[in-house]
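Participant: Sequence first, predicted model second:
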Amino acid sequence: MQIKHEITNALLEGKASEVKTLVEVAVQLGLSPTEVVDSVMLPAMEIIGEKFKQNRLYIPDVLMASRAMQAGLYALEPFFKSSSQVLKPRVVIGTVAGDLHDIGKRLVIMSLQAAGMEVIDLGIDISPETFVQAVKEYEPDILGMSALLTMTMPALAETIQALHAHCLRDKVKVIVGGSPVTNDYALEIGADGYAGCAYDAVNLIKMLV
Ligand code: B12
């Protein structure tokens, strides 16, 4: 389908407003928002990741592509919002200290919202202290943390330790994710669960609450 190629090319070239318009057109043409994300936008990000790894793309290129990806995701967000609010756990989520990656987190948020969950997004580069404050303030059922760098994975454990230090650990279920994170690592640091993708995150939370 021509529109899929057009979205892929616009994403690879980091053309944010073009991506936004094209994903809206794709949905008007009958593609489901999930298909646009799963079969077009995520494979394009994979290409970007590969090229970045091989030094065929540099940080500014990846940043532009990421902005284009975010623009597409924001355009699709209304389609993911659910009207059914049967199960409504409150989720606080953020990317850990030192880490600026948030595309995956946004996808997780969209899926949780589509499942009727209330999500409070703390943003990126969130310190253990800020996570602790947010748990005190919002009293969520679930605390979700994202880490995309092996270097920032220890911040997941540090945040869990900070929750213990503030006697909050048994007040909230902690779930973790991000490409270098594994189920074994989640168990090792004392998290309640790990999910490898946005859809699994929804099911994980349903299981935990
Ligand atoms: C885009 C990107 C960037 C962008 C980020 C923009 C943004 N707004 O996010 C920019 C340019 C800023 C960037 C910077 C850097 N990056 Co970068 N980046 C990427 C890239 C290409 C894509 C990441 C992505 O968005 N993937 C798509 C999403 C959908 O996947 P995801 O994040 O894994 O999320 C899914 C799951 O993991 C899960 N999930 C995610 N979070 C959570 C949370 C919870 C609670 C749950 C349950 C599930 C869950 O669900 C998501 C949806 O299905 C990856 C390569 C790759 N293939 O991953 C490198 C990559 C992550 N980056 C890398 C590196 C090294 C860097 C830099 C250090 C580069 C540098 N020299 O400066 C900096 C670090 C900056 C910082 N301090 O964070 C390395 C990390 C290597 C490592 N293992 O440590 C990678 C793997 C590239 C590589 N192959 O070398 N990067």
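Facilitator: Cool, got the structure.

Participant: distance between the ends of stretch 179-193?
Facilitator: Criterion Cα to Cα, to the nearest Å; first-to-last residue distance in stretch 179-193 is 15 Å.

Participant: Stretch 8-17 now?
Facilitator: OK, stretch 8-17 end separation, Cα to Cα: 13 Å.

Participant: which residues are in contact with it?
Facilitator: Under the contact criterion Cβ atoms under 8 Å, 6 or more residues apart in numbering, stretch 8-17 has outside partners 18-19, 22, 40-41, 43-45, 47-48, 61, 63-65, 67-72. From N, CA and C alone the C-beta is placed, and that goes for glycine too.

Participant: Can you tell me which of those residues are buried?
Facilitator: By neighbour count, with 16 or more other Cβ atoms under 10 Å, the contacts of stretch 8-17 hold 18-19, 22, 40-41, 44-45, 48, 61, 64-65, 68-72 as buried.

Participant: Considering only the contacts of stretch 8-17, which also neighbour the ligand?
Facilitator: Met45, Ile48, Leu63 (Cβ under 6 Å from any ligand atom).

Participant: Narrow the residues you listed to those in helices?
Facilitator: Using DSSP state H, the members of those that fall in helices are Met45, Ile48, Leu63.

Participant: can those residues go into CSV with extra columns for pLDDT?
Facilitator: Output for these, formatted as CSV (pLDDT from 0 to 100):
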residue, pLDDT
Met45, 91
Ile48, 93
Leu63, 92
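
Participant: What residues are bridge-paired with the residue nearest to Val172 when sequence neighbours are not counted?
Facilitator: Nearest residue to Val172 in three dimensions, chain neighbours excluded: Leu143, at 4.9 Å (Cβ to Cβ, 6 or more residues apart in numbering). Assessed by DSSP bridges, Leu143 has beta-bridge partners Val92, Val174.

Participant: got the contact list for the residue nearest the centre of the chain?
Facilitator: Ranked by distance to the mean C-alpha position of the chain (Cα atoms, centre = their mean), the top residue is Lys105 at 1.3 Å. With contact set as Cβ under 8 Å, 6+ apart, Lys105 has these partners: Ile93, Gly94, Thr95, Asp121, Ile124, Gly144, Ser146.

Participant: Just confirm it is within a helix.
Facilitator: Yes - counting by DSSP: H, G, I helix; E, B strand; the rest coil, Lys105 falls inside a helix.

Participant: Just the pLDDT at it, thanks.
Facilitator: If you check Lys105, the pLDDT there is 97.

Participant: Could you measure from it over to the ligand?
Facilitator: To the ligand, Lys105 is 5 Å away according to Cβ to the nearest ligand atom, to the nearest Å.

Participant: Before I go, just wanted to say thanks for your time.
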